[in-house]
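**Q** Mind folding the following:
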Amino acid sequence: MGRLRALFHVALLGLGVISTAHAQTYPTKPVRVVVPFAAGGPTDLVARIVAAKLSEKWNQQVYVENVVGASGNIGTRAVARAAPDGYTVLVTTSGFVVNPSLYANKPYDPIAEFAPITIPAQAPNVLIVHPSVEAKTVKELVALVKANPGKYSFASAGVGQTGHLGGVFLNYKYGLDMVHVPFNGGGPIMNSIMGGHTLIAFLSLPSAAAYIKDGRVRALMVTTAKRSPAVPDVPSVIEAGLPEQETVFFQGILAPAGTPADIIAKWHADVVEAMKDPTVKAKLEAASYEVNPNTPEQFGALIKSEVAQWQKVIEETKMEKVQ
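**A** This next block holds a predicted model:
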């Protein structure tokens with residue numbers, strides 16, 4: 001029995017050596033970072049900043065690939081099915097925790113099929129209107145939409161994005177009839193807004209902040225309990241009278257489930273280090289992000305709670321499942 005215990009101990013030590021060696025040599029080839037949304041949007045920005053810093057640190061190419069479609073589901077599924085070896089990761093948004101409850105055919109399992117790494121940056125969503133819209137507050141917007149049935153629609157960065165659910169909840173709470181118009185990311189929304197084709201949008205603050213600051217669009221509220229330092233004149237969700245709509249737009253990094261723990265730990269440590277770089281931090285904060293990376297365990301707990309929260313919202317508002 002003693003000999004068996006000794007052999008088992010040696011085997012465990014051997015596994016530890018192999019695992020450590022794996023972490024020390026990784027990566028030995030280019031690493032693919034999948035963004036399931038269009039280039040030029042906030043998720044793409046964060047992914048490219050992270051990829052550039054890791055390429056520099058690892059002396060290996062870390063490249064971004066935009067795999068667009070089905071409100072992020074196509075790119076997300078591609079990562080879920082990728083080899084769990086650390087050479088394919090996902091950078092995605094809060095829609096990651098919404099879509100599994102919104103689609104009739106569950107596109108992926110956010111808990112079982114992914115290994116959380118960290119959320120390097122997060123920001124509020126924001127409700128904006130084109131300057132031609134008369135409303136100066138959420139209350140005035142509600143009155144305007146009610147007085148003009150069938151006239152107004154709202155845009156979001158895609159079906160299942162928290163901006164989408166924000167508009168649905170606004171409809172539900174006040175009995176409005178705004179039609180949802182989905183886009184493949186924040187960049188295309190702002191192009192449509194600036195062209196006057198879309199008049200109302202719920203989207204991430206980083207996508208709209210520059211336009212808000214120079215007066216090209218009007219912001220009616222941010223979806224956090226306190227005002228954002230990036231746009232301090234914009235009321236909070238509490239001030240707007242909609243505490244139920246408090247949401248955070250996160251940018252999360254995940255790997256396929258089964259990715260070795262040492263690779264997850266390396267990714268986490270090196271992303272945290274990258275976020276401490278003054279240039280990186282300044283660039284993200286200038287884009288209206290809060291930079292405070294969490295741990296894989298914290299991210300995993302958030303995913304579980306957010307999946308439950310958004311499932312409840314979808315059921316409460318009786319949203320029709322997407323086929």
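**Q** which SS state does the residue lying closest to Thr118 once chain neighbours are set aside fall under?
**A** With Cβ to Cβ, 6 or more residues apart in numbering as the criterion, Thr118 has its nearest non-adjacent residue at 4.6 Å, and that residue is Pro293. The C-beta positions use only the backbone N, C-alpha and C, and glycine is treated the same way. When classified by DSSP: H, G, I helix; E, B strand; the rest coil, Pro293 comes out as coil.
**Q** Ramachandran coordinates for Pro293?
**A** The phi and psi values for Pro293, taken as degrees, to the nearest 10, are phi -60, psi 140.
**Q** That one: how many residues sit nearby?
**A** The number of residues packed near Pro293 is 21, by other Cβ atoms under 10 Å.
**Q** ok, it touching Pro116?
**A** No. Between Pro293 and Pro116 there is no contact under Cβ atoms under 8 Å: 11.6 Å.
**Q** what is in contact with those two at once?
**A** Counting by Cβ atoms under 8 Å, 6 or more residues apart in numbering, no residue touches both Pro293 and Pro116.
**Q** I'd guess Lys173 is in a strand, am I close?
**A** No. Lys173 is assigned helix when assessed by three-state DSSP, not a strand.
**Q** hmm, back to that, quick one: contacts for the residue nearest to Thr118?
**A** Pro293 neighbours (Cβ under 8 Å, 6+ apart): Thr118, Ile119, Pro120, His268, Val271, Val272, Met275.
**Q** Using a markdown table, lay out those residues together with distance to Val222, neighbour count and secondary structure.
**A** Shown next, in a markdown table, are these (distance: Cβ to Cβ, whole Å; neighbours: other Cβ atoms under 10 Å; DSSP: H, G, I helix; E, B strand; the rest coil):
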| residue | distance to Val222 | neighbour count | secondary structure |
| --- | --- | --- | --- |
| Thr118 | 23 | 23 | strand |
| Ile119 | 18 | 25 | strand |
| Pro120 | 20 | 26 | strand |
| His268 | 28 | 20 | helix |
| Val271 | 26 | 19 | helix |
| Val272 | 26 | 15 | helix |
| Met275 | 22 | 19 | helix |
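**Q** Just the strands from this protein, written as ranges.
**A** 31-35, 62-66, 88-92, 114-129, 153-156, 179-182, 200-204, 218-222, 248-256 (DSSP state E).
**Q** so which of those strands is the most packed in?
**A** strand 200-204 (a mean of 29; mean count of other Cβ atoms under 10 Å).
**Q** so Trp267 touches Ile117, yeah?
**A** Yes. Using Cβ under 8 Å, Trp267 is in contact with Ile117, at 4.9 Å.
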